[in-house]
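> Provided below for reference: sequence and predicted model.
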Amino acid sequence: MDFRTKLLATLGAIQPVLDEPGVLVAGSEVPNLLELDARSSLIVSDDVDIAIPISRHEQVKHRLKQVHDLEPSREEPSVWLPKKPGMMEVNFIGMDTEQVRPGETFVFDDAELPLLVFAHLAFLRPGTPIIAEGVTIPLPRPAGLMLEKLVTERSGVKGDRDLLVVLGLILVSSASDIAEVIQIYSALPHDRRHAIRSNLTLLSLLEPHANMPDPHVHRQRVNDLFAQLPPPGLT
Amino acid sequence: MTQRLHEKVRQIKEREAIRAWEFRQRHHSNGLWFRLREALVYAESAWAIGPEDAAALTQRGAFPLAVGKEFHPPKSIFIVSSAELLTLPSRVALPMRLGPELLGAEHLALLPFKPVG
């Protein structure tokens, strides 16, 4: 079974959750879904992240009762595992959109659906949902996801792949998406701005990886974005 | 049951603390690699050049980038135009990655991207 079919089958299985306002598909599968007809040519990982606003936690738990083809992992109930082949793992993660604990990464404790709330997921803003194979998929706007990927500390092959996801997002971004990146960037603390610029320099010099956009071919696009993000201390 | 999640939070906070330290160190030796990458991100291509060509550039009034002087041994890194590049007979194109070719070159000529718009 091809990757796209698996991804869309999984998202279809959790459609009740995706229908909850504010819930977004996050993480590295987003550039796949933003491709024309959700072509999913970038194979990054065999799971999909679903960002849950913590203000919608109760509603999501209620909607999860309508999900039948996946079940929570015994060890980590925020991870749901497929009950049948042809689907992938789903990681439910928390998003503090209402800034209850701004800038903080923390555990939202719950016996049924605990969530790891990542500080930088607060950058995500709902974009235009797409419909693929009958599944309605709520996606974030590229700008917030790009910054979330650039500001989060990563290392090793996973870190490289996440940077290539950023490249994938740059390639599908419009001028207004880039303007949004610059606007959000300008309001960030200095150390985060530095992290973003530092990660862009890494992306610019990264080796190509299979099934991912080639950073050498697109260095000009990375340079264009980098040049528009002033170093911390200059704004 | 949430022990794994708490452990992940601890690891994330540890990485954030390291990043804050790196940010404070960015103007010191710890920030050297960033400063080199920052010079390279603006370059469309990088070329190794011989000492004669480096000397010729200096004679013509070109200033090497400060970041090169921080290496031991120091590197002379010049920003050149495409016309200047053609006057450097020793030039050898290097792959744009932080590999041995680029890091091993003692004298570098960087050709910047053309500005957009």
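Alright, I've got the coordinates.
> wait, does stretch A:200-220 make contact with chain B?
Yes - with CB under 8 Å from any CB of the partner chain as the criterion, chain B is reached by stretch A:200-220 at A:200-202, A:204-207, A:216, A:219-220. Using the backbone N, CA and C atoms, a C-beta is placed for each residue, glycine as well.
> show me the biggest helix of chain A in terms of residues.
Longest helix in chain A by number of residues, with DSSP state H as the criterion: helix A:156-172.
> Show me what that one is packed against.
Taking 3 or more CB pairs under 8 Å, 6 or more residues apart in numbering or on different chains; DSSP states H and E as contact, the helices and strands that helix A:156-172 lies on are helix A:30-34, helix A:142-151, helix A:190-204, helix A:219-227.
> Going along the chain from the helix or strand bottoming out on mean pLDDT in chain B, find the next helix or strand for me.
Least confident element among the helices and strands of chain B, by mean pLDDT, DSSP states H and E: helix B:3-24 (a mean of 78). Sequence-wise, the next helix or strand downstream of helix B:3-24 (DSSP states H and E) is helix B:32-41.
> Skip the chain neighbours and tell me the closest residue to the residue positioned nearest the centre of chain A.
Central residue check for chain A by CA atoms, centre = their mean: the C-alpha nearest the mean position is that of A:G27, 2.2 Å away. When the adjacent residues along the chain are set aside, A:G27 lies closest to A:D49, with 3.3 Å between them (CB to CB, 6 or more residues apart in numbering or on different chains).
> Touching, that neighbour and A:E89? I think so.
No - contact criterion CB atoms under 8 Å: A:D49 and A:E89 do not qualify, at 9.8 Å.
> Who has more neighbours out of the two?
Using other CB atoms under 10 Å in any protein chain shown as the criterion, A:D49 and A:E89 rank with A:D49 on top: 19 against 16.
> mind checking how far the more buried one is from chain B?
Counting by CB to the nearest CB, to the nearest Å, the gap from A:D49 to chain B is 13 Å.
> any idea whether that residue is helix, strand or coil?
Using DSSP: H, G, I helix; E, B strand; the rest coil, the three-state assignment for A:D49 comes out as strand.
> Kindly report the residues of chain A close to chain B.
So chain A meets chain B at A:75-78, A:105-107, A:109, A:111, A:114-116, A:118, A:153, A:190-191, A:194-195, A:197-198, A:200-202, A:204-207, A:216, A:219-220, A:222-224, A:226-227, A:232 (CB under 8 Å from any CB).
> now with 7 Å?
Contact residues (CB under 7 Å from any CB of the partner chain) of chain A with chain B: A:75-78, A:105-107, A:109, A:114, A:116, A:153, A:190-191, A:194-195, A:198, A:200-202, A:204-205, A:207, A:216, A:219-220, A:222-224, A:226.
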